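Enquirer: Build me a structure from this.
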Amino acid sequence: MTATLVVTRRPTPKLNIPLSEQIQRFGDTSSPSAIAAYPASDFSFSFAKDTFSYAGDGLSYYATSANNSPLPSWIKFDTNSLTFTGKTPPFESLLQPPQKFDFSFSGSDIVGFAAVSVVFSIVVGVHRLTTDTPIIRLNATRRTEVSYTALASSIRSDGNAIAPADLDLTISELPSWLSVDNTTLKIQGNAPDDAQSSNSTLTLRDAYASTLDILLSITVITQIFRNTSLAFEATPGEEFSFDIEPYLWTPSDIELEVDTPESWVMLEGLVLSGTPPKTGSPSNIEIIVKATSKSSQESETATAALKLLSVPATTSTAPTPSAKPTNPAASDSSKQGLKAGYIVLAILLPLLFLAILVLLIICCRRRRHRESVQDSLKNKISEPIPGTFVMNGEPHSRHGSEHSILGTMKPPESNRHSRRYFNSAVQRMRQSRTLSTITGSLKQPLFLFLERIRTKLVAKISVVAKIPFLHIHLAY
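Expert: Okay, the predicted model is just below:
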């Protein structure tokens, strides 16, 4: 099971009206914190609005089962009116009548968390053993007699009186000087000089297994001590101080003596002080305090309960053990080496990145330059070869005299490289799709003009040079 603890600087809510002062308004009670009810019976009761006190803005209220589980389906809680309503379970659904159901009523200044709570019970059974006084408060004076006889008349069984002889009585934590008569339920005793205030529980059981718990509270009134319940705490290694003056009626007329098993407890005037040893373990120490009146020489004793707390935990954290022993000097040098390596990497990595970036830029520029050169070569058009298709003294017209054009060419015998020269010219013409640069005045496609020239030229060369017929194809 996990739990969440909330620490806040705001003052916490406190119980203002205890359950014992309210439960009698809820109905019949079987103990100072239990309401008696029959099976399948309706009920409704409300807590006081000021049950809890808080100095802040407001409180949030919750109701759960005592084990913090949700409320059963037969009980409801209204957070506005602080009212519990419902109908008790039928007899058939009870495990072993009478059955007790425990609930918790909580108030908190933080939503979802409980700051202060009141636990109460609903006892469901066929028979009810109840009382009008679930808490009996008695005042006692030392060296005087104490007596209470109204207990038997306050007990009811199903609303009717019951004889004390029909009840079984069990007593817990009753002072030795006080007793309860089983036949009459009378409480009586003589308070000794060292009598202390105390609380006891009287448990009564009838023949139907119904139980009734009654709280007996004894308050011893003294002439010297206002309150004989002296209690305080101390922490090992830390000095403590406890002032007894507020517990005395006339402090100026009182002298104190203490009887303590611990040597470190000292009395200075009306103040108990000391410093527990740091090695002290948690324990409860009883210190007998004797007060004597200077004027009357009367004396009274009281027991001061000193609770020795545990040693506070330190915030230091133990070092985690390593699997192998290490050399401090070696570890320091290794740390320095690691730092130097990090510095070298921090310098080289940016330089390497810059070098790679420069190489990429150079490669891109070279590639662009190479592509531009290839594009310029592709787009470049070869010019006519001098002496091949030149018409000297004639207009550049496709209607000019063909004989005049052919007449300008020299016979093959006088041209030593006529075939190679011609082939070179034809090859240059094939590399270009158009020869429009030969003349700016040609408006017809150039291939028609060149075809005619090829035909005349081949015929003339064949006649003059006696060579086989040449097949020349012009690409366009």
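Enquirer: Every contact and neighbour count from this point should use C-alpha atoms.
Expert: Fine.
Enquirer: residues of stretch 254-268 that come out buried?
Expert: For stretch 254-268, the neighbour count (16 or more other C-alpha atoms under 10 Å) marks Ile254, Leu256, Val258, Val265, Met266, Leu267 as buried.
Enquirer: Which member of these is positioned nearest Pro32?
Expert: Val258 (37.0 Å; C-alpha to C-alpha).
Enquirer: where does the chain have low pLDDT?
Expert: 1, 312-339, 373-451, 454, 456-476 (pLDDT under 70).
Enquirer: all helices of it, in order?
Expert: 328-379, 402-407, 418-430, 446-465 (DSSP state H).
Enquirer: For stretch 72-80, measure first residue to last.
Expert: Distance between the two ends of stretch 72-80: 20 Å, counting by C-alpha to C-alpha, to the nearest Å.
Enquirer: what does that stretch rub up against?
Expert: The contact list for stretch 72-80 (C-alpha atoms under 8 Å, 6 or more residues apart in numbering) reads Tyr61, Tyr62, Ala63, Ser65, Thr83, Phe84, Thr85, Gly86, Lys87, Thr88, Pro89.
Enquirer: For it, what is the distance to the chain centroid?
Expert: 31 Å (C-alpha atoms, centre = their mean, to the nearest Å).
Enquirer: now stretch 171-191
Expert: On C-alpha atoms, centre = their mean, the centre of stretch 171-191 falls 55 Å from that of its chain.
Enquirer: Return it as PDB; C-alpha atoms alone will do.
Expert: Extracted in PDB, the C-alpha atoms of stretch 171-191 (Å, rounded to 0.1, in the frame of the first residue of the first chain):
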ATOM      1  CA  ILE A 171     -13.000  -3.800  33.100                       C
ATOM      2  CA  SER A 172      -9.800  -2.500  31.500                       C
ATOM      3  CA  GLU A 173      -7.200  -0.100  33.000                       C
ATOM      4  CA  LEU A 174      -9.100   0.600  36.200                       C
ATOM      5  CA  PRO A 175      -7.000   2.200  38.900                       C
ATOM      6  CA  SER A 176      -6.100  -0.100  41.800                       C
ATOM      7  CA  TRP A 177      -7.900   2.100  44.400                       C
ATOM      8  CA  LEU A 178     -11.200   2.000  42.500                       C
ATOM      9  CA  SER A 179     -13.600  -1.000  42.100                       C
ATOM     10  CA  VAL A 180     -17.000  -1.900  40.400                       C
ATOM     11  CA  ASP A 181     -19.500  -4.200  42.100                       C
ATOM     12  CA  ASN A 182     -20.700  -6.800  39.600                       C
ATOM     13  CA  THR A 183     -24.100  -7.200  41.300                       C
ATOM     14  CA  THR A 184     -25.000  -3.500  41.600                       C
ATOM     15  CA  LEU A 185     -22.600  -1.900  39.100                       C
ATOM     16  CA  LYS A 186     -21.600   0.500  41.900                       C
ATOM     17  CA  ILE A 187     -18.300   2.400  41.400                       C
ATOM     18  CA  GLN A 188     -16.400   3.300  44.600                       C
ATOM     19  CA  GLY A 189     -12.900   3.800  46.100                       C
ATOM     20  CA  ASN A 190     -10.600   6.000  48.200                       C
ATOM     21  CA  ALA A 191      -8.200   8.200  46.300                       C
END
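Enquirer: any chance of the contacts of stretch 72-80 in a markdown table, plus neighbour count and distance to Ala152?
Expert: A markdown table is the format used below for these (neighbours: other C-alpha atoms under 10 Å; distance: C-alpha to C-alpha, whole Å):
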| residue | neighbour count | distance to Ala152 |
| --- | --- | --- |
| Tyr61 | 22 | 39 |
| Tyr62 | 19 | 38 |
| Ala63 | 23 | 35 |
| Ser65 | 17 | 33 |
| Thr83 | 14 | 33 |
| Phe84 | 17 | 31 |
| Thr85 | 16 | 32 |
| Gly86 | 16 | 32 |
| Lys87 | 17 | 31 |
| Thr88 | 21 | 29 |
| Pro89 | 19 | 31 |
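Enquirer: okay, these in TSV with distance to Leu71 next?
Expert: Below are these laid out as TSV (distance: C-alpha to C-alpha, whole Å):
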residue	distance to Leu71
Tyr61	14
Tyr62	10
Ala63	7
Ser65	5
Thr83	14
Phe84	11
Thr85	12
Gly86	11
Lys87	13
Thr88	13
Pro89	13
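Enquirer: List just the nearest of those to Leu151.
Expert: Proximity of those to Leu151 (C-alpha to C-alpha) peaks at Thr88, which lies at 29.0 Å.
Enquirer: what's the farthest-apart pair in the buried residues of stretch 254-268?
Expert: For the buried residues of stretch 254-268, the farthest-apart pair by C-alpha to C-alpha is Ile254 and Val265; their separation is 19.8 Å.
Enquirer: hang on, Ile285 packs against Leu306?
Expert: Yes - with contact defined as C-alpha atoms under 8 Å, Ile285 and Leu306 form a contacting pair (4.9 Å).
Enquirer: Just the terminal-to-terminal distance for stretch 239-256.
Expert: Terminal residues of stretch 239-256 lie 21 Å apart, using C-alpha to C-alpha.
Enquirer: going forward can the numbers begin at 253, since that is how I track them
Expert: Sure thing, new numbering starts at 253, so read that last one as stretch 491-508.
Enquirer: contacting residues around that stretch?
Expert: For stretch 491-508, contacts defined as C-alpha under 8 Å, 6+ apart pick out 475-480, 484, 486, 521-528, 541-547.
Enquirer: Now which of the residues you listed would you call buried?
Expert: Among the contacts of stretch 491-508, the ones that count as buried by 16+ other C-alpha under 10 Å are 476-477, 479-480, 486, 522, 524-528, 541-545.
Enquirer: and the two most separated of the residues you listed?
Expert: So, those by C-alpha to C-alpha: farthest apart are Pro528 and Ser545, at 30.5 Å.
Enquirer: Tell me who's in contact with the closest residue in space to Ala318 that isn't next to it in sequence.
Expert: Spatial nearest neighbour of Ala318, excluding adjacent residues (C-alpha to C-alpha, 6 or more residues apart in numbering): Phe355 at 4.5 Å. Phe355 is in contact with Ala315, Thr316, Ser317, Ala318, Leu323, Val371, Phe372, Ser373, counting by C-alpha under 8 Å, 6+ apart.
Enquirer: Can you tell me which of those has the most neighbours?
Expert: Ala315 (23 neighbours; other C-alpha atoms under 10 Å).
Enquirer: My read is that it contacts Ser356, right?
Expert: Yes - taking C-alpha under 8 Å as the definition, Ala315 is a contact partner of Ser356 at 5.7 Å.
Enquirer: To what extent is Cys616 buried, counted in neighbours?
Expert: Other residues within reach of Cys616 by the criterion other C-alpha under 10 Å amount to 11.
Enquirer: again with Val259
Expert: Val259: 6 surrounding residues under other C-alpha under 10 Å.
Enquirer: For Thr340, see how far away it is.
Expert: 38 Å.
Enquirer: Gly532 too?
Expert: Applying C-alpha to C-alpha to Gly532 and Thr340 gives a distance of 52 Å.
Enquirer: Same question for Val596.
Expert: From Val596 to Thr340 the distance is 82 Å (C-alpha to C-alpha).
Enquirer: swap in Leu311?
Expert: Distance from Leu311 to Thr340, by C-alpha to C-alpha: 29 Å.
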